[in-house]
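[1] quick one, structure for this:
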Amino acid sequence: MDTWKQMMDWKRMAEQYFGDQFFAPAEPPSAEAARNNDPLCNIYETAQEICCVLALPGLNRTEDVEVFVDSSKLTVRGKLSIVLDSYKLNKEEFQLGEFNRVIDLPVKVLQEPIQAFYRKGLLFIRMLKDHRAAENQQRVHLRWVQE
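    Down below sits the predicted model:
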């Protein structure tokens with residue numbers, strides 16, 4: 001059997017099992033986040049809500065992070081630290097110290113209710129979409145003007 005055909009068969013089976021996005025290329029971190037060494041963020045959405053997930057390893061207490069939401073932006077700031085007694089840092093690949101990440105949201109959100117929780121090094125922030133903005137839009141009726 002042809003090796004290429006075997007590989008394509010395997011790809012089809014993987015996509016069938018894992019979904020179409022299994023082989024989709026991952027987006028690199030935003031240039032701004034990489035430049036500022038800010039926490040990485042994934043944004044998920046349903047028809048009713050947005051969920052932002054930030055990677056925050058080393059968050060010791062919930063008081064070490066602040067979350068602010070306006071209708072189109074999410075701001076998360078705080079301080080991350082990992083202390084290992086009798087060890088000195090040899091190599092650092094993820095950001096520690098103070099951070100301030102401003103995230104442009106893909107849609108407008110309500111400022112309340114907002115749920116935020118921290119689990120396994122990840123900060124989850126759930127916000128309801130503001131559907132009123134779309135409902136408040138009015139159709140403009142055009143009028144033909146003769147010159």
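[2] use CA for all of it now, contacts and neighbours both
    Fine.
[3] just the pLDDT for residue 89.
    If you check residue 89, the pLDDT there is 83.
[4] which one's the longest strand in this structure?
    When the chain is parsed with DSSP state E, its longest strand is strand 109-119.
[5] and that strand, what other elements does it pack with?
    In terms of contacts (3 or more CA pairs under 8 Å, 6 or more residues apart in numbering; DSSP states H and E), strand 109-119 is packed against strand 122-129.
[6] so what strands line up beside the strand it packs on?
    Using DSSP bridges, strand 122-129 pairs in its sheet with strand 49-55 (antiparallel), strand 109-119 (antiparallel).
[7] now, of those, which is deepest in the fold?
    Of these, the one with the most neighbours on average (mean count of other CA atoms under 10 Å) is strand 49-55, at a mean of 19.
[8] can I get it in CSV, CA atoms only?
    Backbone C-alpha positions of strand 49-55 (Å, rounded to 0.1, in the frame of the first residue of the first chain) are rendered in CSV as follows:
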residue,chain,number,x,y,z
GLU,A,49,-21.2,34.1,26.4
ILE,A,50,-17.5,34.7,26.1
CYS,A,51,-14.9,32.8,28.1
CYS,A,52,-11.4,34.1,28.4
VAL,A,53,-8.8,31.6,29.7
LEU,A,54,-5.4,33.1,30.8
ALA,A,55,-2.4,31.0,31.7
